[in-house]
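Novice: this one's sequence-less:
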């Protein structure tokens, strides 16, 4: 609380006029970040040209959001801020539906293989994103969060793409590298 007050140039007493305790602040900030994330995903769905484009644009959004987040954040939320953690888990579970829709649309247009169960891979994808934040799985001293996420999405996509989808994916990657 001292650090927050100092950064804002106000007293702790002023903070407590607006927030009951640190948990309430953490919850408010978490809620705000999750809302930005969801609004970004909804916008990307509206403007993307196809399911592959949607995933790549979502990856860029994720890059922007996690670039300055320490992987221990989720551990701290889970251990010290149960209300904010529950909100995060609920938000994460909402992404299963987004990924599921994307997978079904990708299968319908022939970009993704038809021989996998979309619900299983939707849950797998969401959990793989979450795993990159796990210090025990990907220690931050060894793995940069953004690079880990990019490797995981590339691996995931290459596992579900049809030859047609792979051509589209590779074309998008060339276009992104040119920027």
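Specialist: Structure received. This structure is a prediction, so every number in the text was calculated from the model and none was measured.

Novice: all contacts plus neighbour counts: C-alpha atoms, from now on.
Specialist: Noted.

Novice: now the most centrally placed residue in the chain: how far from residue 107?
Specialist: Among the residues of the chain, the one closest to the centroid is residue 62, at 5.0 Å (Cα atoms, centre = their mean). Residue 62 sits 23 Å away from residue 107, going by Cα to Cα, to the nearest Å.

Novice: As a check, name the ranges of all helices in the protein.
Specialist: For the chain, applying DSSP state H gives helices covering 2-8, 12-18, 22-47, 51-66, 72-80, 82-108, 118-131, 145-160, 163-178.

Novice: and the last one, what does it pack onto?
Specialist: Okay, so that is helix 163-178. helix 51-66 (3 or more Cα pairs under 8 Å, 6 or more residues apart in numbering; DSSP states H and E).

Novice: what does the helix it packs on rub up against?
Specialist: 37, 40-41, 44-45, 48, 102-103, 105-106, 111, 145-146, 150, 153, 165, 168-169, 172 (Cα atoms under 8 Å, 6 or more residues apart in numbering).

Novice: try it again with 7 Å
Specialist: With Cα atoms under 7 Å, 6 or more residues apart in numbering as the test, helix 51-66 has contacts from 41, 44, 45, 48, 102, 105, 106, 146, 169.

Novice: And the furthest pair within those?
Specialist: The most widely separated members of these are 105 and 146, with 26.5 Å between them, by Cα to Cα.

Novice: Relative to residue 72, how far out is the nearest residue to residue 73 once chain neighbours are set aside?
Specialist: Leaving aside its sequence neighbours, residue 73 sits nearest to residue 133 (Cα to Cα, 6 or more residues apart in numbering; 7.9 Å). Remark: distance between residue 133 and residue 72 (Cα to Cα) = 7 Å.

Novice: So between the two, which is more surrounded?
Specialist: Neighbour comparison, residue 133 and residue 72: the larger count goes to residue 133, with 23 against 15 (by other Cα atoms under 10 Å).

Novice: Brilliant, that's me finished.
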